[in-house]
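Chemist: using only what follows, build the 3D model:
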Amino acid sequence: MNVVELERKLIAGARAHQPSDSVPYAFEKRVMAQLQNLPHFDDVALWAGALWRGAAACLTVVLLISAVTFFAASRNSSAVNPTGDLAQAFENTMLASVDQDTDYSR
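Modeler: Numbers count the residues shown, from 1 in each chain. Next comes the predicted model:
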């Protein structure tokens with residue numbers, strides 16, 4: 001179907017039928033009442049839904065990374081840290097640069 005031809009026919013038909021000059025009683029009040037009854041767009045609900053979906057996605061990523069880290073650390077704990085004490089290994093790592101700068105000659 002030719003859209004341009006259809007548009008031309010519709011416009012010609014609308015021009016041939018002239019609307020009346022009379023407007024029904026209280027027409028504008030009825031229109032405004034119908035507009036007030038329409039549901040309002042709630043910005044807060046939209047943001048809240050998006051934030052909750054984001055929080056769920058972040059929680060899923062954190063749990064996945066935690067599980068991978070836990071299982072990888074338990075599998076390789078004997079190779080990385082023979083004692084298995086993570087706190088001691090962390091402290092040794094953090095204080096390694098301090099131990100290098102200390103002058104033990106005194």
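
Chemist: give me the distance between stretch 59-74 and the centre of its chain.
Modeler: 23 Å (Cα atoms, centre = their mean, to the nearest Å).

Chemist: dump that stretch to PDB, restricted to CA.
Modeler: Taking Å, rounded to 0.1, in the frame of the first residue of the first chain, the C-alpha atoms of stretch 59-74 are listed here in PDB:
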ATOM      1  CA  LEU A  59      25.500  -9.300  45.500                       C
ATOM      2  CA  THR A  60      25.600 -12.100  43.000                       C
ATOM      3  CA  VAL A  61      29.000 -10.900  41.700                       C
ATOM      4  CA  VAL A  62      30.400 -10.600  45.300                       C
ATOM      5  CA  LEU A  63      29.200 -14.100  46.200                       C
ATOM      6  CA  LEU A  64      30.600 -15.600  43.000                       C
ATOM      7  CA  ILE A  65      34.000 -14.000  43.500                       C
ATOM      8  CA  SER A  66      34.100 -14.900  47.200                       C
ATOM      9  CA  ALA A  67      33.300 -18.600  46.300                       C
ATOM     10  CA  VAL A  68      36.000 -18.700  43.700                       C
ATOM     11  CA  THR A  69      38.500 -17.100  46.000                       C
ATOM     12  CA  PHE A  70      37.700 -19.400  48.900                       C
ATOM     13  CA  PHE A  71      37.900 -22.600  46.800                       C
ATOM     14  CA  ALA A  72      41.100 -21.400  45.000                       C
ATOM     15  CA  ALA A  73      42.700 -20.500  48.300                       C
ATOM     16  CA  SER A  74      41.800 -23.800  50.000                       C
END
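
Chemist: quick one: average confidence on it?
Modeler: Here stretch 59-74 scores 89 as its mean pLDDT.

Chemist: same thing with stretch 93-101?
Modeler: Averaged across stretch 93-101, pLDDT comes to 74.
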